[in-house]
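S.K.: next comes the sequence, and after it the predicted model I'd like to discuss.
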Amino acid sequence: MPYLDLEQGSIWYEEQGSGDPLVLLHGGAVDSRFFEHNVGPLSKQFRVVATDLWGHGRTADREGPFSLASFSADVAALIEAVAGGSAHVLGHSIGAAVALDLTIRRPELVRQLIQISGGFDIDADPPTGLDIDQMVEGTVTFLGSSYGAVSPDGEEHFAIVTRKDFELTSREPKFTTEQISTITQRTLVMVADDDITPISHQIDFFRALPKGELAVVPGTSHFLLQEKAALCNAIILDFLTNEPVPTVAPIHRAPAAAS
């Protein structure tokens, strides 16, 4: 299993398939195994590069708090060293925020952007009604053994990683619609119809993007990539492999040029 050595620490990654590179970024408290139902179908048309963000999966934790900037710096290095200098980037949950941060900081590295169950402003998320200790305890019970199966830090370290994830999501992302409006990449915003972040926020996200497209996956939750994997994979592949169609009566986006 390959690791990319960076000044700040190593990160684990794995490649499958051939073609244009597609980097997958997982959410909090999980790792790239979250995409187990997606990598195979996507790798039939793309060179899929899946990585474990630091502190997650097979990538060891480091001292200090998580931040979008630290995660996206690692991903930038991965794209430069492994993906040939630029890639399509897909992120889910915290991974979507990392992909968004990367796109704003290093736009030259991102070809097309896919935002799944993410958001651009943490203040849009409704309060959970739970304190951080309760959230950590519940997550450790739910996912601790899975983390321990591959982590070099051992299962007992998972509570620390989970706390750092929840602390991150209490602070970030904090982007404005003005910042979102500067993104020139064609961007797919995908969300479950019963997701953590309100659909109303995803609509604001979509409308702020100059080249945004919106997909709401019916009958799913935050785990939509697993719950309706075939449908999600089809939407993702359609977005990545086809040019925008010349819509008949667009309201929020400029008409696509007819071929």
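M.R.: Cool, the structure landed.

S.K.: now Asp153: phi and psi?
M.R.: Taking degrees, to the nearest 10, you get phi -90, psi -10 for the backbone angles of Asp153.

S.K.: how many neighbours does it have?
M.R.: Counted with other Cβ atoms under 10 Å, the neighbours of Asp153 add up to 15. Backbone N, C-alpha and C define where each C-beta goes, glycine included.

S.K.: now do the contacts for it.
M.R.: Gly55, Ala60, Asp61, Val161 (Cβ atoms under 8 Å, 6 or more residues apart in numbering).

S.K.: what's the most distant pair in these?
M.R.: Pairwise distances across the contacts of Asp153 peak at 10.4 Å for Ala60 and Val161 (criterion: Cβ to Cβ).

S.K.: more neighbours: which of those two?
M.R.: Using other Cβ under 10 Å, the more surrounded residue of Ala60 and Val161 is Val161, with 22 against 18.

S.K.: I'd guessed that one sits against Ala29; true?
M.R.: Yes. Under the criterion of Cβ atoms under 8 Å, Val161 makes contact with Ala29 at 7.3 Å.

S.K.: quick one: the strands in this structure?
M.R.: Assigned by DSSP state E, the chain shows strands spanning 3-4, 11-16, 21-25, 47-52, 87-92, 110-116, 187-192, 212-217.

S.K.: any chance of these in CSV, with mean pLDDT, distance to Ile199 and mean neighbour count too?
M.R.: Putting the strands of the chain into CSV (pLDDT from 0 to 100; distance: least, Cβ to Cβ, whole Å; neighbours: other Cβ atoms under 10 Å) gives the following:
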stretch, mean pLDDT, distance to Ile199, mean neighbour count
strand 3-4, 97, 36, 16
strand 11-16, 98, 32, 19
strand 21-25, 98, 22, 26
strand 47-52, 98, 27, 25
strand 87-92, 98, 16, 28
strand 110-116, 98, 13, 24
strand 187-192, 98, 6, 25
strand 212-217, 97, 7, 19
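
S.K.: of these, give the one that comes closest to Phe71.
M.R.: Of all the strands of the chain, strand 21-25 comes closest under Cβ to Cβ, at 7.9 Å.

S.K.: from Asp204, how far out is Arg111?
M.R.: Distance of Arg111 to Asp204, given as Cβ to Cβ, to the nearest Å: 24 Å.

S.K.: oh, that last question was meant for Val89, not what I typed.
M.R.: 21 Å.

S.K.: next one: Ala124
M.R.: From Ala124 to Asp204 the distance is 8 Å (Cβ to Cβ).

S.K.: so between the two, which is more surrounded?
M.R.: Ranked by neighbour count (other Cβ under 10 Å), Ala124 and Asp204 place Asp204 first, with 18 against 15.

S.K.: please name the nearest non-neighbouring residue to that one.
M.R.: Thr177 (7.0 Å; Cβ to Cβ, 6 or more residues apart in numbering).

S.K.: what of Ser43?
M.R.: That would be Gly17: by Cβ to Cβ, 6+ apart, it lies 2.9 Å from Ser43.

S.K.: Trp54 too?
M.R.: Arg62 is the one closest to Trp54 (Cβ to Cβ, 6+ apart), at 5.6 Å.

S.K.: the one you found against Glu7, yeah?
M.R.: No. Between Arg62 and Glu7 there is no contact under Cβ under 8 Å: 11.4 Å.

S.K.: of these two, which one has the most company?
M.R.: Arg62 (13 against 6).

S.K.: give me the phi and psi for the more buried one.
M.R.: Dihedral angles (degrees, to the nearest 10) for Arg62: phi -130, psi 170.
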